[in-house]
Structure formats: structure tokens, C-alpha cells
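*Asks:* could you look at this predicted model? Sequence included:
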Amino acid sequence: MKNLQRIIILVPFIVCQFMLKAQHWPVIIGDNISTTNASLIEDYDKGYLLGNWNYKTPAYTNYGWIVKTNINGDLLWDKTFGDGEYSMYFSDVNRTVNNEIIISGAIGKYDNIYDQDPLFLKLNVCGEVEWCTVLHKEGSTGDDSGTRIVELPDGGYIGLIKYYGAQYQTIRISLVRMDAYGEPLWIQHLAQGDTTIFNEEAYDLIVTSDYNYLVAGRCYSSGGHPFFIMTNPQGNEIWDLKWNNQNVQGGNVDRVIEKNNGIFYASGGGKYGFYTHPVLFKFDGDGRELYYRLLLGDSLRGGGAVPLTMLSDTTFAIGYSWRTSSNPNDGNSEIATIDTLGNVIDHRWLQEENRPPSNIIKTFDGKIVVAGHYAPDGNIDIFLWKVNNRLEDDSLYTRAFVYDSLCSYPITSDTIDLSCGVHVDIDEIPTKEAYDHPLVVFPNPASHILNIETKPYVDQRVEIMSSSGITFQKVNLPDSGQLTLDISTWPHGLYLLCLFEEDRYVRSVKFLVN
């Protein structure tokens, strides 16, 4: 009888303890401030680093926001970027090999506050700004932005850009190569060779195992297509793939991963019949379609997949939305584990909302962390789940972890109004071809003479403009590509020298007269 009494007493205690553990997840971040999750990584100290953007009003975004949590999702610190008067957001936040933080996004500080320029940003291990690069285009009225930033083996970066100012109708996907300090070296505009392609968008960028660049998104060309572009390290296109299976038209790709050398998988949406469905795509390194799978069959009335991550050689974790109602406001958000053929192994419902989770990662100990933004009470908040490989809520970690150990002092939460040191006119960034084309002016600064040297060519000229944009002088270069100018009477100031070959712009360089 005493043993039975002990069991009766212990059972409620055990149940309560289980409920406390189960009820910890999801963690809600940014309650009542209207925020959207853009990125999620497991940090070097086993905590989580989230990149987000916050809304001041529904009309436009105003703040970039970084949140650091411990391993149980509890807030450690956060950094808010912007002053609330200009438009700004983050689209990608990651760590470098040295555990510094790199960010891509957009900022309206140097343009109309409702329009934006591409932004690339680097913070040190303490969350302090190391460099900040804005790619400004004079007269731009577009929603230009940096979509992704990836560190390269040489310590530089490759950035993915959405739109190109007033030319957004024709130039919508670009790669910009930056050095270790965020200085742009060259820019390449993609999808320019096929005149049948229009309204192309790029959502993801990865560096492949052979150091090429793979861009994923969507395009229109006699209908909509999931869209992929492979370039070499110089940004030159190797191939593009407009997914053309007649059973899957329309839709887009949100994430792409490389499973083995030259074998790629992507998540997105594909239009089957009248409705878009969550789809897993598979293709090879030569741009050939290998396989696709409608994850939930062909009877849905809407849905799509966004995050995708590899759990093992044979399984992925994927997040998607789906609905069976024709009402676009109806829907469900879920995560699933799937095999490489897209067969669902296990799945878990997250929210009754028609939006998929935004990010999924695999942790150091094989768990799965999921982030998404939902509005169950009308206000958009970030939800963070941690689950095991059966997609059950993970228990809390009770052992102590040391966080942010690379910073010699405690990191504090604060708000930062960015003042970007590298403020580049995007039109002045040379293409890779032009970047490799030598153009030297010396001495710089100059006072009496200016020497110009470039490679020999039959039809070359230089145009020199003042800092106010007025053409100051046009000079044809001799076939040798070398010229000396007398500048002893020129007004002091900054000048821009532009090189043309057969009336085709090649590149430019700035010089100072004093």
C-alpha cells in the first residue's frame, strides 16, 4: 500500500515535469513587435543566431534585427540596426570561418526612404561593425537588395543582388565579388543571354564543391519555371535550367543544397494543374533534370516548400505549407523528414497558417531546430522549435554552456544607426571581364601630368568626368594603349576616367588632381 501511495504521488510529479519540458517549445521571439525571420544558424557556442527584420508600420520595413539565444532558445542579446526613419531589412546572416558575422540586406538611408540599395555588412565576434558596403544607384526607385552573402576560401565574399535600380525590368539577378573588406571588385549580371527569359528572381546562392556558384529561384519563359543558374568563379554562366517538366509548371525554388559532388536537391513550389504544391527537385551538375516529387500528392489546392537541410546521406528535413481549401487564407504549416525520393518518413504540424517555416537546421547532436514567423493573434512573431529526429519536442539542456567566449567582454543589446563607410555607385563596379582588363593612371594624386596605360587596342578612348558628373575631356588613345596628359591647368578635385572600346564601356578609375 505504501508503494502504491508513492507511485500515486510520483505520477503527477512526473507528468508535470514532462509537460514543463514539452511546453518549453516553441519559444516565441519578438512578441508584439511584428517581426519576420530570414535566417537561422547554430552558433559556434551551440546557441542560435537569428537574422530578422522588424516592421514599424505595415507599409515598409524599418529595422534589421539580430537575435542570439542559448541552446534552449532563451534570449542572450539582440542588436537592432536602423533608426526607424528609413527602410532597412536583413535577408541573410551567417558566420565566417573566424566566427565574425556577415549580413546581406537592404537600406534606404542613401536613397528615398521607401526605396532601398543593396547592403552588405560585417560584424566582429562582439557584434560591432567592421565594415558596411552599400551599392547605390543614382535615380533608383526600385526595391534593390542583397539577397545572400557567402564567404569564399580566399577570405573575400560573393553576394547575390536582387534588381538593378531603374533597369530592374531587364537586370534582376547579379553577383558581386567583394574583397575581405567589403570593397566590390566586379559585378556580373545573369540571365542576360536568353531574350525569352523575363521576371527572373533569385532566392538562394551556394558555392558548389568545385567552387562554382549556383543560383536558384524562378523565371518566366513561355510560362513560369523553377530556375537555376550555374556560373564559374568568375561569374560567367556555364548553364541555366528552366525546369520544364510538363507536369510541374510555374512555381519557384527557395533553397538548394548539394548532396554529393554534382548532385543537387532543391525545395520549392511547382504548379500541378491549377494549384501550386510543395515539391522536391533533383538535378545534376550539368543542369539536367533528374527527378521531382510532389511531397503531398496531387490533390492539394495550394502550398509550397521553403527550408531544406540534409540530416544524413539518405534523409532530409523540409518545411512546407499546404491547403485543401480554395480559400488562400486557409492553410497549414508543417515540417517533415523525407528520403531522397521525397517520400515522407515523418511529419509534424506547426501552425494553422498558410505559410511554411522559414528555416531548418541540424544541430551538433543531431537535433532539428525550426524557425518560422506566424500571426496567431494578428501580430507576426518568430516561433522557434527544437525537435528530435522523430519530430518530438526536445527536452531542455541542463548542463552549463559558455556563450560568446570569443568576445572578451559581455555582449550587450543595443540599437545601431548604420553609417556605411563603403558607399559605391553600383554603375562604377566593373564586370569581371573589365576587372581583368588593365587600366592604370599615375601618379595618383596628380598635379602636372597624368599617365594612362591599358592594353593595346585599335579603337579605344577615355572620357574624363568631374565629380559633378560633367564630361571634362574626351581623348582617343593610340593603338599602344599609352597616353600622357598635361593636367597642370585642371581645377583641383576628384575625377572619373572611363575607358571605352569601340563605344563599349569597359571600366573606370578615379583619380585626384591637387
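*Replies:* Yep, that arrived.

*Asks:* show me the shaky parts of the stretch 101-250 of the chain.
*Replies:* 112-114, 138-142, 165-168, 246-247 (pLDDT under 70).

*Asks:* change it to 80
*Replies:* The stretch 101-250 of the chain contains residues with pLDDT under 80 at 111-115, 137-142, 164-169, 245-250.

*Asks:* what ranges do the strands span in it?
*Replies:* All strands of the stretch 101-250 of the chain, identified by DSSP state E, counting those that start in this stretch, fall at 101-107, 117-123, 129-136, 145-151, 157-162, 173-178, 184-189, 198-207, 213-220, 224-231, 237-242, 249-260.

*Asks:* same check on the stretch 251-400 of the chain?
*Replies:* Taking DSSP E, counting those that start in this stretch, the strands of the stretch 251-400 of the chain run over residues 263-272, 275-284, 289-294, 303-310, 315-322, 332-339, 344-351, 359-362, 368-374, 381-387.

*Asks:* which residues touch the spatially most central residue of the chain?
*Replies:* The structure's the chain has its C-alpha centroid closest to residue 148; by Cα atoms, centre = their mean the separation is 2.4 Å. Each residue near residue 148 by Cβ atoms under 8 Å, 6 or more residues apart in numbering is listed here: 91, 92, 104, 159, 160, 204, 205. (Each C-beta comes from the backbone N, C-alpha and C, glycine too.)

*Asks:* please apply the same query to residue 414.
*Replies:* Residue 414 is in contact with 79, 80, counting by Cβ under 8 Å, 6+ apart.

*Asks:* name whatever forms a beta bridge with it.
*Replies:* Taking DSSP bridges, one obtains residue 79 as the residues bridged to residue 414.

*Asks:* next, the residue nearest to residue 485 when sequence neighbours are not counted: secondary structure please.
*Replies:* Distances taken as Cβ to Cβ, 6 or more residues apart in numbering place residue 450 nearest to residue 485, at 4.7 Å, with adjacent residues excluded. With DSSP: H, G, I helix; E, B strand; the rest coil as the basis, residue 450 sits in strand.

*Asks:* neighbours of residue 471, how many?
*Replies:* 11 (other Cβ atoms under 10 Å).

*Asks:* isn't it up against residue 464?
*Replies:* Yes: with contact defined as Cβ atoms under 8 Å, residue 471 counts as touching residue 464 (7.4 Å).

*Asks:* do you know the pLDDT at residue 15?
*Replies:* Reading off the confidence values, residue 15 has pLDDT 39.

*Asks:* same check on the one 10 residues further on?
*Replies:* At residue 25 the predicted local confidence, pLDDT, stands at 95.

*Asks:* the residue lying closest to it once chain neighbours are set aside bridge partners, please.
*Replies:* With sequence-adjacent residues excluded and distances taken as Cβ to Cβ, 6+ apart, residue 25 is closest to residue 393, at 4.6 Å. When assigned by DSSP bridges, residue 393 has beta-bridge partners residue 387.

*Asks:* hang on, isn't residue 393 packed against residue 385?
*Replies:* Yes: assessed by Cβ under 8 Å, residue 393 is found in contact with residue 385 at 7.3 Å.

*Asks:* show me where the stretch 401-514 of the chain has its strands.
*Replies:* Counting by DSSP E, counting those that start in this stretch, the segments of the stretch 401-514 of the chain that form strands are 414-416, 422-425, 439-442, 449-454, 460-466, 471-476, 482-486, 493-501, 504-513.

*Asks:* quick one: the fifth one to chain centroid distance?
*Replies:* So the one you mean is strand 460-466. 36 Å (Cα atoms, centre = their mean, to the nearest Å).

*Asks:* which elements pack onto it?
*Replies:* Counting by 3 or more Cβ pairs under 8 Å, 6 or more residues apart in numbering; DSSP states H and E, the packing neighbours recorded for strand 460-466 are strand 471-476, strand 493-501.

*Asks:* pull out the buried positions in the shortest one.
*Replies:* Along strand 471-476, these residues count as buried under the neighbour rule (16 or more other Cβ atoms under 10 Å): residue 472.

*Asks:* other SSEs contacting it?
*Replies:* Counting contacts by 3+ Cβ pairs under 8 Å, 6+ apart, strand 471-476 packs against strand 460-466, strand 482-486.

*Asks:* overlap of the contact sets of residue 393 and residue 385?
*Replies:* In contact with both residue 393 and residue 385: residue 25, using Cβ under 8 Å, 6+ apart.

*Asks:* which one's more surrounded, those two?
*Replies:* residue 385 (21 against 16).

*Asks:* can you tell me how far the more buried one is from residue 442?
*Replies:* From residue 385 over to residue 442 the distance is 60 Å, taken as Cβ to Cβ, to the nearest Å.

*Asks:* quick one: buried residues of stretch 285-292?
*Replies:* 285, 287, 289, 292.

*Asks:* how far is that stretch from where the chain is centred?
*Replies:* 24 Å.

*Asks:* and what of stretch 370-389?
*Replies:* With Cα atoms, centre = their mean, you get 20 Å for stretch 370-389.

*Asks:* gap between the two ends of that stretch?
*Replies:* End-to-end distance of stretch 370-389: 12 Å, with Cα to Cα, to the nearest Å as the criterion.

*Asks:* I'd assumed residue 417 was in contact with residue 83.
*Replies:* Yes: at 4.5 Å, residue 83 counts as touching residue 417 under the criterion of Cβ under 8 Å.

*Asks:* still on that earlier bit, need the strands of the stretch 101-250 of the chain in TSV with distance to residue 510, can you?
*Replies:* Listed next are these as TSV, based on distance: least, Cβ to Cβ, whole Å:
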stretch	distance to residue 510
strand 101-107	23
strand 117-123	20
strand 129-136	15
strand 145-151	23
strand 157-162	22
strand 173-178	18
strand 184-189	13
strand 198-207	29
strand 213-220	28
strand 224-231	28
strand 237-242	30
strand 249-260	38
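
*Asks:* for residue 456, which of the ones you listed is the nearest?
*Replies:* Of all the strands of the stretch 101-250 of the chain, the one in closest proximity to residue 456, counting by Cβ to Cβ, is strand 184-189 (22.3 Å).
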